[in-house]
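In: here is my input; please provide its structure:
(one chain, ligands or ions: 2)
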Amino acid sequence: MADKKLGVIADDFTGASDIAGFLSENGLQTIQINGVPLQPLPNPADALVISLKSRSNPPREAVEQSLQALRWLQKNGCNRFYFKYCSTFDSSAEGNIGPVTDALLDALQQDFTVICPALPINGRTVFNGYLFVGNLLLNESGMQNHPITPMKDASLLRLMDAQAQGKTGLVAYPEVICGTESIKTCFARLKAEGYRYAVVDATENSQLALLAEAVKDFPLVTGGSGLAAYIARSYDRQAQNLPALIPAPGKTVILSGSCSLMTNQQVNYYKALAPSLALDAEQALHNPDYGDELYRWVLAHAEHKPAPMIYATVEVAALKQIQQRFGVAQISRAIEEVFACLAVKLKAAGFTNFIVAGGETSSIVVQRLGLSAFYIGKQIAPGVPWLKTLDAPVFLALKSGNFGTKDFFEVAQGMTL
Ligand SMILES: Nc1ncnc2c1ncn2[C@@H]1O[C@H](COP(=O)(O)OP(=O)(O)O)[C@@H](O)[C@H]1O
Ligand SMILES: O=C(O)[C@@H](O)C(=O)COP(=O)(O)O
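Out: Ligands and ions are numbered 1, 2, ... in the order given. This is a model prediction of the structure:
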């Protein structure tokens, strides 16, 4: 077990840095990679995390990208795999989690795996197969209003049944807390009854620890970063000393493209501390020079401490109006595009520290910055580590929509050397 190299396929970049942060914090030497590389990585690692931007893609594209990632990870020595999706199970109407899980199972010649988005430290728990955020069902937690992957059902069994080829069963809480052998017995029973996936209840970390032990021989596990933390612990490595990866002082910018409840709070809090500019959706769609205008504004405030912020973040009523006016896909893409162009210009102008809020937003920004891979630094908040590029002094914090406390942007900058 201890010599198995873990290969992670993450469906977005914040999700990738979330799992990479927990793997690293729990002792695994981890490298996060931007997409599927063309060449092998020279650096040694216990875990390789490939960041894809596949969460909201058509399922066929998501499957193709995930299989490419799997093949690269296999070629690069990985023999145990983790499909990382969101702890709020974010998926489009067609759904990618089911098809990608099926494709990875087939490619690995397996017929069974687990579905475990639970991340108790950030309030994501699973009970009787229902996903909760704090004490609210997923579909009442604010996630029903997500701009591109609204979650209208909290039943993981129904969500999987709608997306995947096989049948989904449940390992319920009373069976989980009886321990690893009980969980394994449930797996054997479900397999014998023809189930292909087991949703596993977990309301606390102690259950994730039991589950990590029960899946230790599984070639493929799927879930959020919570289970991965306990899989990393089972490798029994020494915890790593990470402070060297805190960013050096340098030009910093905050780009917020998330409209989650928490990001709205974080943006509102930060507006009182630093120069901030709201990105205008109509300009993003129709004004080809808009990226340049935002770039000039950021440059004019570059020396301010704490750093300037550009935000597209709006509350749900405003979001719905904008989406009705311009179309969901069109406006999301236009805003992502503006952030990506802006980030590229800022890097060329010497900006070294990028704090980005939002999974899709972070994914496009990092893809366009063209940074190949990252070492994993200290966590700013659970699930959001600082990242340092392998080959340049560029630092990134990729904040998942709902992660962090309201002072996140301030706290992140307070961690610089
Ligand atoms: N004001 C806005 N109007 C419409 N869409 C927006 C607005 N602000 C952000 N978006 C889009 O919403 C999506 C947010 O997704 P994402 O970046 O993944 O955030 P989260 O991490 O909260 O899921 C992006 O595609 C972004 O371009
Ligand atoms: O598992 C999680 O919650 C995160 O790692 C994640 O995937 C978040 O996605 P976004 O909220 O879209 O950033």
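
In: apart from its chain neighbours, what residue comes closest to Tyr82?
Out: Spatial nearest neighbour of Tyr82, excluding adjacent residues (CB to CB, 6 or more residues apart in numbering): Val8 at 4.6 Å. C-beta: built from backbone N, CA, C; applies to glycine.

In: what's the strand or helix carrying the one you found packed up against?
Out: Val8 belongs to strand 6-10 when assigned by DSSP states H and E. For strand 6-10, the packing partners by 3 or more CB pairs under 8 Å, 6 or more residues apart in numbering; DSSP states H and E come out as helix 13-25, strand 47-51, helix 59-75, strand 80-84, helix 225-233.

In: show me what contacts the residue nearest to Tyr82?
Out: Each residue near Val8 by CB atoms under 8 Å, 6 or more residues apart in numbering is listed here: 16, 19-20, 23, 47-50, 81-84, 228.

In: ok, the residue in the stretch 51-200 of the chain that ligand 1 sits nearest to - contacts?
Out: Distances between the stretch 51-200 of the chain and ligand 1 by CB to the nearest ligand atom are smallest at Pro147, namely 3.4 Å. Residues near Pro147 by CB under 8 Å, 6+ apart: 259, 319, 323, 328, 332.

In: again, 7 Å this time
Out: Residues counted as contacts of Pro147 (CB atoms under 7 Å, 6 or more residues apart in numbering) are 259, 319, 328, 332.

In: ok, Asp111 next?
Out: Asp111 sits next to 105, 196 when contact means CB under 7 Å, 6+ apart.

In: one more time with 10 Å, if that's ok
Out: Counting by CB atoms under 10 Å, 6 or more residues apart in numbering, Asp111 touches 105, 166, 191, 194-196.

In: can you tell me which of the residues you listed are in helices?
Out: Judged by DSSP state H, these include 105, 191 as members of helices.

In: show me which of the contacts of Asp111 are buried.
Out: The neighbour count (16 or more other CB atoms under 10 Å) marks 105, 166, 195-196 as buried among these.

In: number of residues surrounding the closest residue to ligand 2 within the stretch 151-300 of the chain?
Out: Nearest residue of the stretch 151-300 of the chain to ligand 2, counting by CB to the nearest ligand atom: Gly224, 4.3 Å away. Number of residues near Gly224 (other CB atoms under 10 Å) recorded here: 28.

In: please begin residue numbering at 330 from this point
Out: Sure, I'll start counting at 330 from here, so that last one is Gly553.

In: who touches the closest residue in space to it that isn't next to it in sequence in this structure?
Out: Closest residue in space to Gly553, ignoring its immediate chain neighbours: Ser416 at 3.7 Å, by CB to CB, 6+ apart. Applying CB under 10 Å, 6+ apart, we find Ser416 in contact with 344, 347, 445-455, 460, 462, 467, 552-555, 712, 729, 731-732.

In: so which two of the contacts of Pro476 are the farthest from each other?
Out: Cys588 and Val657 (11.9 Å; CB to CB).

In: ok, back up a step: show the model's pLDDT score for the residue nearest to Tyr411.
Out: Looking at Val337, its pLDDT is 98.

In: and stretch 575-588, what's buried?
Out: The neighbour-count check on stretch 575-588 (16+ other CB under 10 Å) flags 576, 580-588 as buried.

In: save those residues as a markdown table, and put in pLDDT, distance to ligand 1 and secondary structure too.
Out: Output for the buried residues of stretch 575-588, formatted as a markdown table (pLDDT from 0 to 100; distance: CB to the nearest ligand atom, whole Å; DSSP: H, G, I helix; E, B strand; the rest coil):
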| residue | pLDDT | distance to ligand 1 | secondary structure |
| --- | --- | --- | --- |
| Pro576 | 87 | 21 | coil |
| Lys580 | 96 | 23 | strand |
| Thr581 | 97 | 19 | strand |
| Val582 | 98 | 16 | strand |
| Ile583 | 98 | 14 | strand |
| Leu584 | 98 | 10 | strand |
| Ser585 | 98 | 8 | strand |
| Gly586 | 98 | 4 | coil |
| Ser587 | 97 | 3 | coil |
| Cys588 | 97 | 5 | coil |
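
In: closest one of the residues you listed to Asn597?
Out: Nearest to Asn597 among the buried residues of stretch 575-588 is Ser585, at 10.8 Å by CB to CB.

In: the closest one: what's it in contact with?
Out: So Ser585 contacts 592-593, 595-596, 599, 605, 607-608, 638-642, 668, 684-687, 690, 728, 730, 738 (CB under 10 Å, 6+ apart).

In: in strands, which of the contacts of Ser416 appear?
Out: 445, 453-455, 460, 462, 552 (DSSP state E).

In: and of the residues you listed, the nearest to Gln358?
Out: Using CB to CB, those come closest to Gln358 at Gly552, 21.3 Å.

In: angles on the backbone of Leu465, please.
Out: Main-chain dihedrals, Leu465, degrees, to the nearest 10: phi -110, psi 150.

In: check contacts around it.
Out: By CB under 10 Å, 6+ apart, Leu465 lies in contact with 452, 471-472, 483.
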